[in-house]
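Asks: My questions concern the predicted model and sequence given below.
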Amino acid sequence: MAAGWASSRISSGRATPLTRYGLFNSLGVIVEDAIVVAILIFGGILDACPDLKVFIAHGGGPSCFAMGRIDRGWQARPEARQHIQQPPSAYQRRLYYGSVTGSEEALRFRLDQVGADRVVLGGGGGVSRSYAPLSRSAVEMV
């Protein structure tokens with residue numbers, strides 16, 4: 001079974017801090033990606049649908065970098081354990097991630113956390129001039 005995700009946008013179209021300096025594109029989109037990861041995990045969706053294949057664009061945004069903090073929240077807050085019995089980090093390898101992360105360093109970190117078998121070449125939802133092309137070594141990692 002495959003699934004796609006159409007996220008709701010953080011910005012409602014009104015002037016917000018994200019409308020300044022192009023922050024909606026550089027930060028807002030990847031924060032939404034991380035929120036999607038958290039909802040899939042905390043909502044118990046991955047446990048309820050064990051065969052579900054989910055692709056998260058932009059390398060999952062900051063979800064991988066924040067996983068330690070997300071795990072601590074799961075340990076400290078009873079409502080965070082309502083639908084899942086394992087720490088959120090145990091679910092990271094259940095998802096697939098795009099390789100468009102904005103930097104090779106971020107891609108390497110994602111690969112170290114989830115493995116090359118969980119990272120898909122591409123997957124940024126379009127080509128942006130803000131992303132440098134991956135080097136040959138980075139492509140070979142994926």
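Replies: Thanks, I have the structure now. As the structure is a computational prediction, the values presented were derived from the model and not from experiment. Numbers count the residues shown, from 1 in each chain.

Asks: Work out which residue lies at the spatial centre of this structure.
Replies: Residue closest to the mean C-alpha point of the chain, counted by C-alpha atoms, centre = their mean, is Gly60 at 1.6 Å.

Asks: Name the nearest residue to it, ignoring sequence neighbours.
Replies: In this structure, Gly60 finds its nearest non-sequential neighbour in Tyr97, 4.7 Å apart by C-beta to C-beta, 6 or more residues apart in numbering. In short, each C-beta sits where N, CA and C put it, glycine included.

Asks: and the host helix or strand of the one you found, what does it pack onto?
Replies: Using DSSP states H and E, Tyr97 sits in strand 96-98. Strand 96-98 sits against strand 53-56, strand 119-120, with contacts defined as 3 or more C-beta pairs under 8 Å, 6 or more residues apart in numbering; DSSP states H and E.

Asks: Using a markdown table, lay out these together with mean pLDDT and distance to Leu46.
Replies: Formatted as a markdown table, these follow (pLDDT from 0 to 100; distance: least, C-beta to C-beta, whole Å):
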| stretch | mean pLDDT | distance to Leu46 |
| --- | --- | --- |
| strand 53-56 | 96 | 8 |
| strand 119-120 | 94 | 18 |
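
Asks: so which of the ones you listed gets nearest Leu18?
Replies: When the helices and strands packed on strand 96-98 are compared by C-beta to C-beta, strand 53-56 sits nearest Leu18, at 19.9 Å.

Asks: excluding its backbone neighbours, what's nearest Gln113?
Replies: Cys64 (4.9 Å).

Asks: Phi, psi for that neighbour please.
Replies: phi -70, psi -40 (degrees, to the nearest 10).
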